[in-house]
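# Pasted the sequence and its predicted model underneath.
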Amino acid sequence: MAPKRKFTILSMMKDEGHSLVEWVAYHHHLGFDNICVYTNNCSDGTDDMLIRLEELGYVHHFRNDVPPGKKPQPNALELATANPAVMDSEWVLTMDADEFLSIKCGEGKITDLISRMDPEACAMAITWRFFGSSDVTDWNPGLVIESYTRAAPDKFKKGWGVKTLFRPYEHAKLGIHRPHIKNAKQKPERAKALFDQIWLNGSGVRMPDEFSLSGWRSTKPTLGYALAELNHYAVKSYEAYLLRRVRGNVNNKEDKYNAAYFALFDRNEIEATTALQHAPATKAKMAEILADPRMADLQAKAMEFHAARVAKLRSTGEYETWVAELKEASKVPLDKLDEVLFIQHLPKQWQEKVKELQAKGVPDKVIAKMIADTQTAKKGETRSALMAAAGEGPADMGGGDKRRERDAISAVALSLSSDAEAILEAARDAPAAKAPKPDKPEAPDRAAHRAARKAARAAGIPTKKYAQGEEPPEVQAKLEQIAQADHIPQIKDALEQLAAIDDAPIAREVLQRIEAVKETVGEADNPFLNTPEARSLGVPHLKPHIAALVADAKAAKGAKAAKEKAPKPSRSPRKAKSSPASDAATGTK
């Protein structure tokens, strides 16, 4: 019997020969001793390269022969679930060829990450950080980790997907984002076993219990980047992106790599260079691999294959137009991404409906908002069912009705009935109706106020909703101070001063609740305010707690307001004031 592996990576690939050696060398250097790759339909020799890498002792290669009617990625995951070479490991991480694990503690090795995790933890949900093109055009500028260093900020919600580093367990079922458990809904004991697992976020902070059952995206309360993140080089350079459009993807999705996808994921707002610390060692490992003549020859042939494709792209009459489209798409700012129409994740019949709406002249941004609104109802259905199966929540008896209602709403929204057209026509005309009048100048500092308010909300601080640009100066000052706060004492100070303003009553309640927590939780055991982790992580570590306090404060405030607005009962005739003696005589209190 082969010895059990410690750290396994599972990946599925197709035509990744131009960057394969870097990817393998990088993760081998990080300490992964078992890199397993399934391939299908390769044209550039990726499969031959992996076969040779296996002979050299760097990876394990497996063929992904996809039966008719199945997609490559789910098929590979099913094969890997039953493969002891993958699952007989202490830890497993499923990831793609355009993803590089970035560990932000110690020397950046996998052992540094494991040593900082709770010993009882079963998994860590590691959040993506999307990297953009860095305005690079050439398809092969050099190492991926050196060429692309511009990335999305923490607040980029569309990039909050996770990949999971986990300990294999009985009846596990691999998924691209996270493992599941087989027959969880039919066998409650399995759902319960999964529910009882301890999962951490990328900061090593414990996730909500129900996340172990389902979910593949971080949220504001669960987001964590302090210990690890997954660099996702989803677009790379303009030419590299066009190459991906030409060769397709591992899951055979049509037209996935269009300008809309590029607009969403070409994020270049911040500089992120954690992975660069491994560049020298990665280059040394690559040189070691390519010292093998057979491997060097296969690498050269893969490069020639992709160079020929780029030459073909450049020779078309559409090349300049395509690059110009991508550069224009790259200009879409974060706050306008909801208007980008991305439909590749929708069922085929919905995609056809969208095309019909476009043909009718409905603007893309209106369709994009409509899709987002109609899909919201789907959230949480799977988790509710699993929670019920695990005995940790009430059964959702109306699940089927909810799905049918959601589908009906979606069908109406994406229909071409006269009513739907009228609604969409009104939505299409709305932007012009809301445009500011020419003689009404915009407040010069409105953008700054908006940014301050967004930062305050991100920090979990509620404020009264003022008209844009009309906040009182003292509120503006406090919001800006909160936006710049790095640690708990700073945000607490800003809260104290904001609470003194009559227009911020909720902030005062939040402050009182924080003080109450400090009194009830011992100084040595306080997980939010008085631990080394809290002092190092500052405000982000406090966000989930503040969010809960804010929710309680809002609920209490709403209940109080409802009580005050409730009609008072008619007065009954006034009774004479009772005395203890008369109470005793009548039996009243």
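Yes, it's here. Numbering: from 1, shown residues only.

# looking at this, Leu79 is in a helix?
Yes - secondary structure assignment (DSSP: H, G, I helix; E, B strand; the rest coil) places Leu79 inside a helix.

# That one contacts Phe62, doesn't it?
Yes - if you go by C-beta atoms under 8 Å, Leu79 and Phe62 touch, sitting 6.9 Å apart. C-beta: built from backbone N, CA, C; applies to glycine.

# Overlap of the contact sets of these two?
By C-beta atoms under 8 Å, 6 or more residues apart in numbering, Leu79 and Phe62 have these common neighbours: Tyr38.

# So between these two, which is more surrounded?
Neighbour totals were compared for Leu79 and Phe62, and Phe62 leads with 21 against 18 (other C-beta atoms under 10 Å).

# Contact partners for the more buried one?
Here Phe62 is in contact with 36-39, 76, 79-80, 83, 85 (C-beta under 8 Å, 6+ apart).

# and if you look at Val162?
Val162 neighbours (C-beta under 8 Å, 6+ apart): 125-128, 177-178, 216-218, 230.

# swap the cut-off to 6 Å and go again
Going by C-beta atoms under 6 Å, 6 or more residues apart in numbering, Val162 touches 125-127, 177, 216, 218.

# just the buried members of these?
125-127, 177, 218 (16 or more other C-beta atoms under 10 Å).

# With respect to Ile110, which of those residues is nearest?
The shortest approach to Ile110 among the buried ones among the contacts of Val162 belongs to Ile126, at 11.6 Å (C-beta to C-beta).

# strand partners of the host helix or strand of the closest one, parallel vs antiparallel please.
If you go by DSSP states H and E, Ile126 is part of strand 123-130. Applying DSSP bridges, strand 123-130 is found paired with strand 162-166 (antiparallel), strand 199-201 (parallel), strand 228-232 (parallel).

# contacting residues around the second one?
Taking C-beta under 6 Å, 6+ apart as the criterion, the residues outside strand 199-201 that touch it are 121, 123-125, 206-207, 211-212, 222, 224.

# now, which of those residues lie within helices?
The helices, defined by DSSP state H, take in nothing from the contacts of strand 199-201.

# Can you select the buried ones among those for me in ChimeraX?
Remark: buried members of the contacts of strand 199-201, expressed as a ChimeraX selection using 16+ other C-beta under 10 Å:
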select :121,123,124,125,207,211,212,222,224
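
# want to try a markdown table for the contacts of strand 199-201, with distance to Leu194 as columns?
Shown next, in a markdown table, are those (distance: C-beta to C-beta, whole Å):
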| residue | distance to Leu194 |
| --- | --- |
| Ala121 | 14 |
| Ala123 | 10 |
| Met124 | 16 |
| Ala125 | 14 |
| Arg206 | 16 |
| Met207 | 13 |
| Phe211 | 10 |
| Ser212 | 6 |
| Thr222 | 17 |
| Gly224 | 21 |
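
# For the contacts of strand 199-201, name the two members farthest from one another.
Farthest-apart pair in these is Ser212 and Gly224; separation 15.6 Å (C-beta to C-beta).

# filter the contacts of Phe62 to the buried ones?
Judged by 16+ other C-beta under 10 Å, buried ones among the contacts of Phe62: 36-39, 76, 79-80, 83.

# all strands for this protein, in order.
Using DSSP state E, the strands of the chain run over residues 5-13, 34-39, 60-63, 89-94, 99-103, 123-130, 150-151, 162-166, 172-173, 180-181, 199-201, 228-232, 270-271.

# Can you add mean pLDDT and distance to Pro333 and give those back as CSV?
Shown next, in CSV, are the strands of the chain (pLDDT from 0 to 100; distance: least, C-beta to C-beta, whole Å):
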stretch, mean pLDDT, distance to Pro333
strand 5-13, 97, 33
strand 34-39, 98, 37
strand 60-63, 98, 42
strand 89-94, 98, 32
strand 99-103, 98, 25
strand 123-130, 97, 15
strand 150-151, 97, 14
strand 162-166, 98, 25
strand 172-173, 96, 39
strand 180-181, 94, 36
strand 199-201, 95, 27
strand 228-232, 98, 20
strand 270-271, 96, 14
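
# would a markdown table of those with distance to Lys355 be doable?
Converted to a markdown table, those look like this (distance: least, C-beta to C-beta, whole Å):
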| stretch | distance to Lys355 |
| --- | --- |
| strand 5-13 | 30 |
| strand 34-39 | 33 |
| strand 60-63 | 37 |
| strand 89-94 | 33 |
| strand 99-103 | 31 |
| strand 123-130 | 27 |
| strand 150-151 | 33 |
| strand 162-166 | 32 |
| strand 172-173 | 35 |
| strand 180-181 | 34 |
| strand 199-201 | 39 |
| strand 228-232 | 29 |
| strand 270-271 | 36 |
